[in-house]
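> Build me a model from this:
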Amino acid sequence: MKKIIWQTKTHLVSDSFRNHQLSSVANGGNAYDFYSAESLCGKYDIEMSDAALLQAGESTLSYWRRMRRDVPLADAIICEPYPIVFGRRIAGIKYAGMIHHIDDVLGKSSVKHSWYFGRLKRRLSKLDMVITVSSFWKSYLENIGCKSVRVIYNSFDTDLYRVEPEIVSNFKSKHGIPTDRPMVYIGNASRQKGVYEVYEKLKDEPYFLVMSGPQNHAPDLPVKYLKIDHLEYLALLTASAAVITNSKMIEGWNRIAHEALLCGTPVVGSGVGGMRELLEGAGQLIASNDSELPAAVKELIQNRTTYSASGKKFVSKFDMHYFRQSWLTAMEELMERK
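Reported below is the predicted structural model:
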């Protein structure tokens, strides 16, 4: 059995893999990475790299020195951005990078970030393969010189997104969700996710607005904030008349939009980055300008059945069978490269 070493700096991903259970506090990127590694088990011997894990309080220089001393023994290495930047290349080993998105705005914010992202792009272009999450990023990576870029879309266990009406009813009752007006979920409570702009455009509309997330980064916004577990999050998506993904950062895909569509809830989003491919493929609405949001939400609610059906049909293609087969095919191709 051929051996693949997985290089991630994130303990949460490594620990989840070793425990065969995704952590309850994992974000979208963590979940993708965990399920990617899991999908290759059985066909390949997968080992999480201890050397690649960033330790609490560790300096960049210390991490770099440790990664340069590491001499992994494997047929292939799959590496996430931090190890790509600071790791070494070993002759005879195939290398695949994994990229969700690259923050060019952050890359221009300081000399340190400029150096990091510049080096990331240069080293990506020298890998044997790069795996990303949307056609938007495939084009981006090819434009910076990356070879053999493969798209493997975010995927989910679609059976988990069938939320019973009783669960939805209990959720609304528990959290004091009114029944006299449509509830609209506006995403994670973060300025980067565009919740302030959404509020300004919808504050005079007859909707009950809700946001969520592990932390409330918009505490001054007069919108109901919920800190909930994943099961209640699915109830929230199902209970919503519409979901808004108004992200201002360039998305890799958009997990919230994808999951909302699996729950049968229509979506309008800003369409930045890979999100546009998702929304267009699913027949949803794109509000490139915030001023378009009131009309878009009204349209989704009035024609909810149509948007719900087209959205669910599209995203249901990306199940765990698709995900596993896509990863196995990519790794078979990587192993065969000269």
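> hey, let's count contacts and neighbours off CA atoms from now on
Noted.
> any residues touching stretch 258-265, and which ones?
158, 161-163, 234, 237-238, 240-243, 266-267, 278, 304, 307-309, 311-312, 315-316 (CA atoms under 8 Å, 6 or more residues apart in numbering).
> In strands, which of those appear?
Among the contacts of stretch 258-265, DSSP state E puts Ala242, Val243, Val267 in strands.
> Identify the residues contacting the second one.
With CA under 8 Å, 6+ apart as the criterion, the residues that contact Val243 are Val184, Tyr185, Ile186, Gly187, Leu237, Ala257, Ala260, Thr265, Pro266, Val267, Val268.
> So in this protein, where's the weakest helix or strand by average pLDDT?
Sorting the helices and strands of the chain by mean pLDDT, DSSP states H and E puts helix 104-107 at the bottom, at a mean of 81.
> so what does whatever helix or strand comes next after that one touch, helix or strand wise?
Using DSSP states H and E, the next helix or strand after helix 104-107 towards the C-terminus is helix 111-124. Here helix 111-124 touches helix 81-86, helix 104-107, going by 3 or more CA pairs under 8 Å, 6 or more residues apart in numbering; DSSP states H and E.
> Let me know the next secondary structure element after the first one.
Same thing as helix 81-86. strand 94-99.
> can you map out the strands along the stretch 101-250 of the chain?
129-132, 149-151, 183-188, 208-212, 224-226, 242-245 (DSSP state E, counting those that start in this stretch).
> Each with direction, which strands does the longest one pair with?
By that I understand strand 183-188. The pairing partners recorded for strand 183-188 under DSSP bridges are strand 208-212 (parallel), strand 242-245 (parallel).
> Equivalent analysis for the second one, please.
Listed by DSSP bridges, the sheet partners of strand 149-151 and their directions read strand 129-132 (parallel).
> low-scoring stretches of the stretch 1-150 of the chain, by residue?
Scanning the stretch 1-150 of the chain for pLDDT under 70 picks out no residues.
> If we use 80, what do you get?
In the predicted model of the stretch 1-150 of the chain, residues 24-26, 106-107 satisfy pLDDT under 80.
> Return the distance of Glu277 relative to Arg150.
To Arg150, Glu277 is 16 Å away according to CA to CA, to the nearest Å.
> and what of Asp229?
As judged by CA to CA, Asp229 and Arg150 stand 32 Å apart.
> now do the same end-to-end measure for stretch 310-327.
26 Å.
> I'd like the distance from that stretch to the chain centre, please.
15 Å (CA atoms, centre = their mean, to the nearest Å).
> mind listing what's buried in it?
310-316, 318-320, 323-324, 326-327 (16 or more other CA atoms under 10 Å).
> and those as TSV, adding pLDDT?
Shown next, in TSV, are the buried residues of stretch 310-327 (pLDDT from 0 to 100):
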residue	pLDDT
Ser310	98
Gly311	98
Lys312	97
Lys313	97
Phe314	98
Val315	97
Ser316	96
Phe318	97
Asp319	96
Met320	95
Phe323	97
Arg324	97
Ser326	98
Trp327	98
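> rewinding a little: just name the most buried of the strands of the stretch 101-250 of the chain.
Most buried of the strands of the stretch 101-250 of the chain, by mean neighbour count (mean count of other CA atoms under 10 Å): strand 242-245, with a mean of 27.
> And this protein, what are its domain boundaries?
With automatic domain parsing as the criterion, the domains of the chain are listed as 3-155+319-336, 158-315.
> most neighbours per residue, which of the ones you listed?
Highest mean neighbour count among the domains of the chain (mean count of other CA under 10 Å): domain 158-315, a mean of 19.
> how long is it from one end to the other?
OK, domain 158-315 end separation, CA to CA: 9 Å.
> is it true that Ala299 lies in a helix?
Just so we're on the same page, residue 299 is Glu rather than Ala. Yes - assessed by DSSP: H, G, I helix; E, B strand; the rest coil, Glu299 belongs to a helix.
> Now do it against Gly281, distance only.
For Glu299, the distance to Gly281 - CA to CA - is 18 Å.
> now do Gly176
From Gly176 to Gly281 the distance is 35 Å (CA to CA).
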